[in-house]
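>>> I'd like to go over a predicted model; first the sequence, then the structure.
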Amino acid sequence: MASSGPRLLPPTPDEGTLWLTWLVRLRWLALFAQLVTLAFVFNMLDGVNAIVPWAVVMLLLGLANLLAVARMQSAEEIPARNVAGQLVLDVLSLTALFLVAGGPSNPFTPLYLVHIAMAAVMLPQRHAGLVGAVVVAGYSSLFAFHLPLHYGRHSLPESVVFPLGQWLAFTITTLSVAVFVVAIATSLRRRKEQLLDAQERSARTDRLRSLGTLAAGAAHELNTPLSTISLRARRIGRRHVDPETTQDLMVLDEQLARCTSIVTRLLVGAGDPAASDIELRPLGVLVSETARLWAKGTMLELKLQDVSDGLQVELPRVAFQQALVNLLENAREAQEEVGTFAPIRIRVRREGPAGVVEIHDLGVGLPGTADQVGEPFFTTKPTGTGLGVFVARQIADGAGGGLHYAPGSRGGTVAHWWFPEAATRPATGRLA
């Protein structure tokens, strides 16, 4: 898909969605634990008066979890008050279970502390205070009314059941708080690494902008003296028609044309729209013209296959050619690094409403930092600038296409460079 600009941070859910995800997971675990607990203390409960409310609470929690999952699947952000409401629901449900299972003498009352810890981490101060107040009110209500636990009905004596319940409650509370806090700390460390990476990418992007500005300024400044030299050379040619002067002026004219071409490429690379020379042409033709020019300067064989059926694209010709040359040079250098002189294969094909240029090499393959390929100034070559792949990706993105690398089926690397068909150009492009 075409990007609207460089993405400095990987996509992440909003904070409310992240917290609600945690609550949903913990609630499923809590429901499972309640089923196990109900089976263990079933005989100790006060008959139907306790079992029916317990079952209703579990049913409501399950329904609330399903609704929360549906809420998370929407694209809307989840505000803190919704997360606070979910925590309050959990506290009220826990209070209802304690009311029908021994009240304050229930050994599992320390589970209230888990909700206090989660509220302190997840919520703003006022919402965390609200959850804390609900916890205090819920625990206090247990002293006013509760159904007893009949320890005498259990197969184990009370001297064993009660300490066992206390130990389980302490263990569950400790593990829950520890796992939650460790997970939060891990998330914070990961986020810190992402922020540092974003700052580094931003710095590289700023350097690239500065370089582009410098290149554009230099190119515009050079245009004037080059035009002056060209004008003076023509005047000299009219005044002096001897063979030696004519020969010298021909060489001078060739070098001026070369300088003008370099200036044009600088302007294109710097993003000057006046130098973009966007043309509507068959993709296969653009690729074959550039491939022929590049093949003249290398000993490697180039195999080109065009099965695009004349698919036309709308691209800046000079920028496209320069970018394709960079990709071919990368492929050549990757093969030289492993000492292979196999032909580099280019395949131009149609895929839906897009034209795809595939460049196959049998070189060293993708680096361990493959996710950074295409970032400005990232390179694995000692003498590389780290701009070749970046420029090629920018050209594709600007047209609504894209660029990505993948391992080749016979080793090496395959560059997939795709562009939307000009007649049916979509707003965003994605390679299927």
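In hand now; what should we look at? Residues are numbered from 1 along each chain as shown.

>>> so where's the stretch 251-400 of the chain shaky on pLDDT?
263-277, 366-388 (pLDDT under 70).

>>> how about a cut-off of 80?
256-278, 297-299, 318-319, 364-391, 394, 397-399 (pLDDT under 80).

>>> Which elements pack onto the longest helix along the chain?
The longest helix of the chain (DSSP state H) is helix 158-239. Other elements packing on helix 158-239 under the criterion 3 or more C-beta pairs under 8 Å, 6 or more residues apart in numbering; DSSP states H and E are helix 15-41, helix 112-122, helix 243-269. All C-beta spots, glycine's among them, are computed from the backbone N, C-alpha and C.

>>> angle of the shortest one against helix 158-239?
The one in question is helix 112-122. If you take axes from the mean of the first three to the mean of the last three C-alpha atoms, to 10 degrees, helix 112-122 sits at 10 degrees to helix 158-239.

>>> just to revisit the earlier point, give me the angle between the longest helix of the chain and helix 243-269.
Using the same axes, to 10 degrees: helix 158-239 against helix 243-269 is 160 degrees.

>>> any idea of the mean pLDDT in helix 158-239?
For helix 158-239, mean pLDDT is 75.

>>> returning to what we had before: mind putting the helices and strands packed on helix 158-239 into CSV with mean neighbour count and distance to F419?
Output for the helices and strands packed on helix 158-239, formatted as CSV (neighbours: other C-beta atoms under 10 Å; distance: least, C-beta to C-beta, whole Å):
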stretch, mean neighbour count, distance to F419
helix 15-41, 16, 35
helix 112-122, 19, 46
helix 243-269, 15, 17
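
>>> starting at the chain centroid, how far to the longest helix of the chain?
Between the centre of helix 158-239 and the centre of its host chain there is 11 Å, according to C-alpha atoms, centre = their mean, to the nearest Å.

>>> What of stretch 328-336?
28 Å.

>>> How about stretch 99-113?
44 Å.

>>> what does stretch 332-351 give?
That offset, for stretch 332-351, works out to 28 Å (C-alpha atoms, centre = their mean).

>>> cool, stretch 319-327 as well?
Per C-alpha atoms, centre = their mean, the centroid offset for stretch 319-327 relative to its chain is 26 Å.

>>> CA-only coordinates of it in PDB, if you can.
The C-alpha trace of stretch 319-327 is given here as PDB (Å, rounded to 0.1, in the frame of the first residue of the first chain):
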ATOM      1  CA  ALA A 319      13.900   9.400 -11.800                       C
ATOM      2  CA  PHE A 320      12.600   5.900 -12.700                       C
ATOM      3  CA  GLN A 321      15.700   5.100 -14.800                       C
ATOM      4  CA  GLN A 322      18.100   6.300 -12.100                       C
ATOM      5  CA  ALA A 323      16.300   4.300  -9.500                       C
ATOM      6  CA  LEU A 324      16.300   1.100 -11.600                       C
ATOM      7  CA  VAL A 325      20.000   1.500 -12.300                       C
ATOM      8  CA  ASN A 326      20.500   1.700  -8.500                       C
ATOM      9  CA  LEU A 327      18.600  -1.500  -8.000                       C
END
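
>>> Let me see the ranges of the helices in the stretch 251-400 of the chain.
Using DSSP state H, counting those that start in this stretch, the helices of the stretch 251-400 of the chain run over 283-295, 317-337, 388-399.

>>> can I get the helices and strands packed on helix 158-239 in TSV with distance to L328?
Listed next are the helices and strands packed on helix 158-239 as TSV, based on distance: least, C-beta to C-beta, whole Å:
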stretch	distance to L328
helix 15-41	44
helix 112-122	53
helix 243-269	16
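
>>> out of these, which comes closest to P353?
helix 243-269 (26.1 Å; C-beta to C-beta).

>>> That closest one to helix 388-399, inter-axis angle?
Going by the same axes, to 10 degrees, helix 243-269 makes 70 degrees with helix 388-399.

>>> Report the angle between helix 243-269 and helix 317-337.
Using the same axes, to 10 degrees, helix 243-269 lies at 90 degrees relative to helix 317-337.

>>> So which elements touch helix 243-269?
helix 158-239, helix 317-337.

>>> Quick check: buried residues in the last one?
By neighbour count on 16 or more other C-beta atoms under 10 Å, the buried set for helix 317-337 is 317-328, 330-335.

>>> chain center to that helix, what's the gap?
Using C-alpha atoms, centre = their mean, the offset of helix 317-337 from its chain centre is 26 Å.

>>> Okay, angle between that helix and helix 283-295 too, please.
50 degrees.

>>> list the helices and strands helix 317-337 packs on?
Partner elements for helix 317-337 (3+ C-beta pairs under 8 Å, 6+ apart): helix 243-269, strand 278-282, helix 283-295, strand 344-351, strand 354-361, helix 388-399, strand 413-420.

>>> Residues contacting the fourth one, please?
Translated: strand 344-351. 283-284, 287, 291, 300-309, 311, 328, 331-332, 335, 355-361, 418, 421, 431-432 (C-beta atoms under 8 Å, 6 or more residues apart in numbering).

>>> do the second one as well
When contacts are taken as C-beta under 8 Å, 6+ apart, the neighbours of strand 278-282 outside the stretch itself are S308, G310, L311, Q312, V313, E314, L315, P316, R317, A422.

>>> Type out the ChimeraX command that picks the buried ones from these.
A single ChimeraX command selects the buried members of those (16+ other C-beta under 10 Å):
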select :308,311,312,313,314,315,316,317,422
